[in-house]
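*Asks:* Below: sequence and its predicted model.
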Amino acid sequence: MASLTDSSIIHKPDHNPIILPFPSTDLTQKKKAQVKVGDSNWSDSFPLDVAGNASRITCKGVDRELDLTVDIRLCSSGLTKVVTYSPFYLVSNCGRQDMEVREDGTKEWITVPAQTCIGVYPQQKEKRKLLCVRYAGAKEESLLFPITENLDTFAHINDDTCGISVSVTVGESSVVVHLTPFAPGMAPAHVINHTAHTVKLWQKGGHKEVELKSRESVMFTWSDVTKNRVLEYACGDAKGEDKLDQTRFDQVKPDNTKARFIYLVSFLNGRQRTLLFESDISQASEASGSWERDKITMVSELKLFGVGVSVVDNQARKEILYMAISSSAVLWEEEAKKGRFKAFNVALIEGLETKYGEYLENPDGAQQYVPITDAFSVDFKNMIMKKKKGKEFKIRRCFEKGIWASFGQSKERQKVHIKLNHIQIDNQLDACVFPCMLSAVPPPRSIVQDNAPKPFIELSMVKRQSEHSSVPEFEYLKVLMQEFAVRVDQGAINALLQFIATDAEVKQYDKEAFAEDFKLTETKLEDLAQSWKVQKPKSFYQVLHISPLMIHLSFSQGGTTGDSSDAPIPIQSQFISILLKSVGVTLTELQDVVFKLAYFERTCVFFSNDQLNGEIISHYTKQAIKQLYVLVLGLDIIGNPFGLVRDLSSGVEDLFYQPFQGAIQGPEEFVSGMALGVQSLVGHTIGGAAGAVGRIAGTVGKGVAALTFDDDYQRKRQEDLNRKPASGIEGMARGVKGLGMGIVDGVTGVVTKPIEGARQGGAGGFVKVRVDIVVLRNQ
């Protein structure tokens with residue numbers, strides 16, 4: 001290893017730990033290092049300052065690239081970092097017999113002892129790297145399998161061992177290959193022919209054909225794991241294919257001259273995928289677990305109009321925040337099926353609500369059918385809507401409850417549907433910068449108009465638990481969350497930290513704490529692979545989808561805790577405040593910085609709970625890192641350049657997005673979409689320029705206000721800012737008044753503030769406040 005100051009130190013295997021010296025006396029200099037393995041070249045320099053994030057580095061050797069994982073962790077003392085180097089590619093033997101692995105194109109076999117994990121350094125130059133495996137001392141080897149992509153399959157071996165289950169988990173900082181001996185349920189498919197016909201099977205791509213006669217079954221395995229993992233079949237005149245990854249029910253006609261069918265069912269029996277050819281439709285339906293046979297036996301609903309939660313610090317006698325979950329706005333719905341209603345789109349809802357208000361003003365004089373659009377008219381008295389062609393259907397005016405949940409239960413399935421329609425969290429502290437801490441952001445009008453209103457959070461899940469299987473199947477799991485804004489200030493953070501702080505004494509860093517930190521240097525490769533161990537119970541997810549997240553983030557160092565006492569500020573908050581203010585008074589004022597995190601989706605996969613949590617966290621963490629540039633551009637140095645760019649970009653996006661949406665629906669909508677896009681472009685351009693000017697002025701104002709060191713002045717100023725003017729004239733009047741009061745306060749403050757300081761802090765307070773006021777007015 002070498003630092004950038006050209007000093008190096010040799011780290012021999014299993015000589016842990018060693019201390020990496022930094023000869024530089026400049027403690028503020030960023031610490032970076034390089035590493036090499038054996039005779040390889042030095043890697044690119046990488047930082048050692050940031051803890052908690054493992055990364056991959058590469059050292060170029062003579063015949064291969066040596067990939068390493070660098071994991072930096074912080075000791076409990078907070079002063080020492082533990083840097084761990086490990087191989088990037090890990091192979092774990094989960095069996096009780098030694099195994100050997102070999103790269104494609106080489107003859108060298110590497111031993112992987114039983115119940116252990118080793119690191120490998122592939123020689124292959126291709127991006128897609130392949131391995132094969134065999135039991136130690138055996139001659140027969142498995143099929144080649146890739147280790148550079150997520151994989152969960154079975155590699156066949158042509159001997160009595162049958163083969164080895166291969167599970168490859170590819171992450172940002174490591175690739176872990178788990179090898180597990182054959183056990184029932186590991187074969188790609190158990191094919192059963194319960195018909196009078198002969199069935200032929202083969203892997204797509206012209207591989208060896210397997211013939212399955214009537215009343216026979218076979219364990220089907222892949223002939224090639226690296227490509228085309230699709231099973232093709234032929235039964236008389238019928239041909240088809242199956243990916244063997246999800247439950248399905250189909251029918252085929254083996255004889256085109258006869259109107260007789262046989263039924264194809266793919267289902268899970270435990271972890272074993274089973275493909276059944278069946279001539280009896282009742283047996284096929286039973287095997288597939290069809291909805292027709294699985295009747296709902298219990299349905300329950302939970303409806304709450306709203307919930308309010310207030311967080312109060314009883315020791316400080318102050319309310320910190322208030323959270324409310326409330327019902328939706330007024331909805332108009334049509335009866336899609338008997339007893340089931342579906343909401344109209346927003347444009348039609350607005351039209352209905354306007355006409356309904358006019359109807360209520362004079363119900364007796366209104367005509368029976370009031371025209372809403374060219375295609376619809378409504379009888380508000382009987383709540384009947386009539387289409388242009390004369391078709392009539394029921395409508396209703398209602399609203400969605402704040403919290404609505406439905407639970408259904410049948411013999412094999414559970415159904416859950418939850419909606420939270422509107423949620424908001426308000427900051428209740430005095431002189432807060434952001435009165436609203438969390439709220440939904442209304443989507444662009446162009447998108448809303450043609451869509452029905454949606455709840456803030458919606459979850460829908462269908463889970464199946466077959467009586468013949470111990471593996472839960474999530475047939476459908478989707479989560480939808482609307483665009484929302486998070487606005488926090490330092491005062492709110494301080495108040496929350498004080499609220500949750502405990503009175504327990506902080507434990508001193510002693511010998512026991514050092515021993516715990518020292519264990520960080522004793523990490524084994526088995527520990528690194530343990531979190532993805534394949535023996536953990538798994539569930540099957542047929543459709544798993546979490547919607548994209550769009551978060552508007554705003555942050556300010558202003559605000560107060562609202563506590564007039566001398567209670568100490570939590571050390572965590574002090575550290576954050578010092579760190580942020582070290583780069584300037586307003587350097588970290590963030591205003592409406594937008595994070596756009598793409599959706600998370602997995603289909604037809606087995607996951608344990610730990611694996612699923614790791615996948616989701618990794619998915620959003622990677623995207624958050626990629627979008628750090630948003631924070632950099634969003635820094636409120638002078639104005640918010642990212643906000644200005646985003647406003648202009650949003651206008652252009654509206655202009656180029658609406659025509660596509662309108663063209664799908666018809667020429668009239670295309671024209672209205674163009675008009676809406678132009679209006680949005682102009683509005684965003686003007687609003688963007690005005691917003692930038694306002695934020696520039698706001699930045700300067702915050703900086704000067706912070707330099708006063710006067711909490712009362714900053715609190716009063718923030719309270720005035722929180723009271724938004726109702727019109728432009730009122731805003732100008734407030735500005736003139738503020739200028740006049742500023743001059744008066746500046747003159748009187750030179751006299752009154754030193755006196756007030758002397759009352760509170762004696763002569764020192766007199767001098768301190770006097771100097772502060774003079775500096776302020778000279779600025």
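*Replies:* Here it is on my side, so go on. Keep in mind that this is a model prediction, so the values were computed, not measured. Numbers count the residues shown, from 1 in each chain.

*Asks:* if I've got this straight, D592 is in a strand?
*Replies:* Yes. Assessed with DSSP: H, G, I helix; E, B strand; the rest coil, D592 lies in a strand.

*Asks:* Let me know whether it touches H552 as I believe.
*Replies:* Yes. Using CB atoms under 8 Å, D592 makes contact with H552 at a distance of 5.3 Å. Yep, even glycine has a C-beta here, placed from its N, CA and C like the rest.

*Asks:* Alpha carbons of stretch 135-142, in CSV - could you do that?
*Replies:* The C-alpha trace of stretch 135-142 is given here as CSV (Å, rounded to 0.1, in the frame of the first residue of the first chain):
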residue,chain,number,x,y,z
TYR,A,135,-16.0,-32.7,-6.1
ALA,A,136,-12.4,-33.1,-5.0
GLY,A,137,-10.9,-36.2,-6.5
ALA,A,138,-13.7,-36.7,-9.1
LYS,A,139,-13.2,-36.6,-12.8
GLU,A,140,-16.6,-35.4,-13.9
GLU,A,141,-17.1,-31.7,-13.8
SER,A,142,-20.2,-29.5,-13.9
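
*Asks:* so what's K519 up against?
*Replies:* Not one residue lies near K519 by CB atoms under 8 Å, 6 or more residues apart in numbering.

*Asks:* my bad, K243
*Replies:* K243 is in contact with R229, V230, L231, C604, counting by CB under 8 Å, 6+ apart.

*Asks:* Count the neighbours of the residue lying closest to the second one once chain neighbours are set aside for me.
*Replies:* For V230, ignoring the flanking residues on the chain, the nearest one in space by CB to CB, 6 or more residues apart in numbering is K204 at 4.1 Å. One way to gauge burial is a neighbour count; for K204, by other CB atoms under 10 Å, it gives 15.

*Asks:* Can you tell me how far K204 is from D374?
*Replies:* The gap separating K204 from D374 is 53 Å, by CB to CB, to the nearest Å.

*Asks:* Just the buried ones from the contacts of K243?
*Replies:* Buried members of the contacts of K243, counted by 16 or more other CB atoms under 10 Å: R229, L231.

*Asks:* related to what we said a few turns ago, do you know the pLDDT at the residue nearest to V230?
*Replies:* Per-residue pLDDT puts K204 at 91.

*Asks:* what does E334 give?
*Replies:* 88.

*Asks:* ok so, going back, any shared contact partners between D592 and H552?
*Replies:* By CB under 8 Å, 6+ apart, the residues touching both D592 and H552 are A485.

*Asks:* As a check, name the ranges of all strands in the stretch 301-450 of the chain.
*Replies:* In the stretch 301-450 of the chain, the strands defined using DSSP state E, counting those that start in this stretch lie at 307-313, 318-326, 331-337, 340-343, 370-371, 376-379, 384-387, 392-398, 403-410, 413-420, 422-427, 436-440.

*Asks:* Give me the angle between the first one and strand 318-326.
*Replies:* Right, strand 307-313. For strand 307-313 against strand 318-326, the angle by axes from the mean of the first three to the mean of the last three CA atoms, to 10 degrees is 170 degrees.

*Asks:* so what strands line up beside strand 307-313?
*Replies:* The strands beside strand 307-313 in its sheet (DSSP bridges) come out as strand 318-326 (antiparallel).

*Asks:* next one: the fifth one
*Replies:* Each strand that pairs with strand 370-371, with its direction, by DSSP bridges: strand 376-379 (antiparallel).

*Asks:* How far off centre is the strand it pairs with?
*Replies:* From the chain centre to the centre of strand 376-379 is a distance of 43 Å (CA atoms, centre = their mean, to the nearest Å).

*Asks:* cool, and stretch 91-101?
*Replies:* With CA atoms, centre = their mean, you get 35 Å for stretch 91-101.

*Asks:* And for stretch 64-79?
*Replies:* On CA atoms, centre = their mean, the centre of stretch 64-79 falls 25 Å from the chain's centre.

*Asks:* Can you give the contact residues for that stretch?
*Replies:* 35, 37-38, 40, 43, 46, 48, 50-60, 80-89, 121-123, 173-174, 509, 513, 516-517, 520.

*Asks:* Can I get the buried part of the residues you listed as one ChimeraX selection?
*Replies:* Only the buried entries of the contacts of stretch 64-79 go into this ChimeraX selection, using 16+ other CB under 10 Å:
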select :35,37,40,43,46,48,54,57,59,81,82,83,84,86,87,88,89,121,122,173,174,517,520
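
*Asks:* Helices - which of the contacts of stretch 64-79 land there?
*Replies:* The helices, defined by DSSP state H, take in A513, E516, D517 from the contacts of stretch 64-79.

*Asks:* wait, the last one sits on K81?
*Replies:* No. If you go by CB under 8 Å, D517 and K81 don't touch, sitting 10.5 Å apart.

*Asks:* what are the ranges of the helices in the chain?
*Replies:* Here the chain has its helices, by DSSP H, at 281-288, 346-361, 445-448, 490-500, 511-518, 525-530, 571-581, 609-626, 628-634, 641-665, 667-707, 711-722, 728-778.

*Asks:* and the ones you listed, which one is worst for confidence?
*Replies:* Among the helices of the chain, helix 641-665 scores lowest, at a mean of 30.

*Asks:* surely A155 meets C162?
*Replies:* No. Under the criterion of CB under 8 Å, A155 makes no contact with C162, lying 10.1 Å away.

*Asks:* ok, M186 - contacts?
*Replies:* Here M186 is in contact with F154, G163, S165, T180, R271, Q272 (CB under 8 Å, 6+ apart).

*Asks:* For it, give me phi and psi.
*Replies:* For M186, the backbone dihedrals are phi -90, psi -20 (criterion: degrees, to the nearest 10).

*Asks:* mind checking how far it is from H207?
*Replies:* 20 Å.

*Asks:* Residues in a beta bridge with the residue nearest to C94 when sequence neighbours are not counted, which ones?
*Replies:* Distances taken as CB to CB, 6+ apart place T180 nearest to C94, at 4.5 Å, with adjacent residues excluded. Taking DSSP bridges as the rule, T180 bridges to S165.

*Asks:* Number of residues surrounding T180?
*Replies:* Neighbours around T180, by other CB under 10 Å: 18.
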